[in-house]
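[1] Take this sequence and fold it.
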Amino acid sequence: MLNEITLAIADGAFTAIVGPNGCGKSTLLKTLLRLLVPGEGRVLLDGRDLAAISPRTLSRQIALLPQGAESPEGLTVEELVLYGRAPHQSWWGRAGPVDQSAVTQAMAHSGVTDLAERQLHELSGGQRQRAWLAMVLAQETAIVLLDEPTTFLDINHQHDLMELLAGLKRQGRTLVAVLHDLNQAARYADVMVAMGPDGRIYDQGPPQQVMTVAMMQAIFGLTCHVDTDPVSARPRVTPLASISEPAKPDVDYVTSRSRWQLA
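    Next comes the predicted model:
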C-alpha cells in the first residue's frame, strides 16, 4: 500500500528504489506503467496523464522487466526476445530486418546469443533472467523499469548486468530499478528513493544524501556502519554484529568432511 507518494523521475538518470520487503516498491514500479491505478492522484509522463496514453503508445516509451516472470514452455529465447518488438510491428505482427537487428543486438548485450535456440524452461534461473532482459532491450524504449533485475544471477552476472544498465544510462535512457542490494544501488544510481515500511518515501536524492546510518535504522531497523567505497567513491553500508561474543560453530567440520567425502 502506497501512502502520500510524491515522486519525480529524472530524465536520463538511473533511479533506484530501495526499502524493506512489503513497503510497496514493486507496487510503485507497476503504478509508473499503469499496471496499477492509484486510488488518488495522477501519474504523468512528460506532462500527460498516463490514462490518456494508449497502451501501444505507452509500450513504445516504457519497458518493464518484471519480477519472477513466467517462462512459457515451448518458447525459445529468440522467440521471447522477438516479443519485445511487438509495439513496433504492424498489426499482423510480421518481423522485418529492423526487428531482427534489434533482437540480435539485445541478445548480444544480455549475453544470450548462444542460447537463442534453447527453450526457456530448459534454462537456469539466471539464464532466463538474462533472456527476459534481452526482450526488454529489444523493445528499444527511452524508459526502462526493472523489478529486482539481479534476482537469480550469480555475482559475476550481477556485475555484468549493472554495468549494462550503466551503459544504457550513458546512452540517454531513463532507468528505474527496484534493488535489494543497497551497495549496488548506491554505486550505480544517480538517485535513491528509500521507502519506509509504512509505504511512504522516507528520503530521496543522491546516494550520498540518502544512504545514512539514520536511514538504515529508521526503515530497516539495522545497526550498521556507512563509509565510502574505495572503488566507486559512493556510500557503502556494512551491517554490525548484534552479539557481543563470537559465535561458536554448530558443525564439526572434520566429521562433516569425512562424512561427505567423494571418491
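
[2] does residue 5 really touch residue 201, like I thought?
    Yes. Using C-beta atoms under 8 Å, residue 5 is in contact with residue 201, at 6.2 Å. C-beta: built from backbone N, CA, C; applies to glycine.

[3] Give me the residues contacting stretch 12-20.
    9, 25, 28-29, 165-166, 169, 172-180, 182, 185-186, 188-197, 202, 219-220 (C-beta atoms under 8 Å, 6 or more residues apart in numbering).

[4] next one: that stretch to chain centre, how far?
    Its chain's C-alpha centre and that of stretch 12-20 lie 9 Å apart, by C-alpha atoms, centre = their mean, to the nearest Å.

[5] So that it lines up with my notes, have the first residue be 56 from now on.
    Yep, numbering from 56; the last one is stretch 67-75 now.

[6] first to last residue in it, what's the distance?
    Taking C-alpha to C-alpha, to the nearest Å as the measure, stretch 67-75 stretches 26 Å from start to finish.

[7] Then stretch 241-261?
    Using C-alpha to C-alpha, the two ends of stretch 241-261 sit 8 Å apart.

[8] which residue ranges form the strands in this structure?
    69-73, 99-100, 103-104, 117-120, 198-202, 229-233, 246-250, 256-260, 279-283, 290-294 (DSSP state E).

[9] possible to save the ones you listed as a markdown table with mean pLDDT?
    Listed next are the strands of the chain as a markdown table, based on pLDDT from 0 to 100:
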| stretch | mean pLDDT |
| --- | --- |
| strand 69-73 | 97 |
| strand 99-100 | 91 |
| strand 103-104 | 92 |
| strand 117-120 | 93 |
| strand 198-202 | 95 |
| strand 229-233 | 96 |
| strand 246-250 | 96 |
| strand 256-260 | 95 |
| strand 279-283 | 95 |
| strand 290-294 | 95 |
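
[10] what's the closest of these to residue 130?
    If you check each of the strands of the chain against residue 130 by C-beta to C-beta, strand 117-120 wins as the nearest, at 16.8 Å.

[11] what helices or strands is the helix of greatest length in the chain leaning on?
    Counting by DSSP state H, the longest helix found in the chain is helix 210-225. Other helices and strands packing on helix 210-225, by 3 or more C-beta pairs under 8 Å, 6 or more residues apart in numbering; DSSP states H and E, are strand 69-73, helix 180-193, strand 229-233, helix 237-243.

[12] Adding mean neighbour count and distance to residue 173, write those out as a markdown table.
    Formatted as a markdown table, the helices and strands packed on helix 210-225 follow (neighbours: other C-beta atoms under 10 Å; distance: least, C-beta to C-beta, whole Å):
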| stretch | mean neighbour count | distance to residue 173 |
| --- | --- | --- |
| strand 69-73 | 25 | 31 |
| helix 180-193 | 23 | 8 |
| strand 229-233 | 23 | 26 |
| helix 237-243 | 22 | 28 |
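
[13] For residue 262, find the nearest of those.
    helix 237-243 (4.0 Å).

[14] Quick one: mean pLDDT for the closest one?
    Average pLDDT, helix 237-243: 96.

[15] Put the alpha carbons of stretch 84-93 into CSV.
    C-alpha atoms of stretch 84-93 as CSV (Å, rounded to 0.1, in the frame of the first residue of the first chain):
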residue,chain,number,x,y,z
LEU,A,84,7.0,0.5,-10.2
LYS,A,85,3.8,-1.0,-11.6
THR,A,86,2.0,2.3,-11.0
LEU,A,87,4.5,4.0,-13.2
LEU,A,88,3.5,1.8,-16.1
ARG,A,89,-0.3,1.9,-15.3
LEU,A,90,-0.4,-1.8,-14.4
LEU,A,91,-1.9,-0.5,-11.2
VAL,A,92,-4.1,2.6,-11.0
PRO,A,93,-3.7,4.9,-7.9
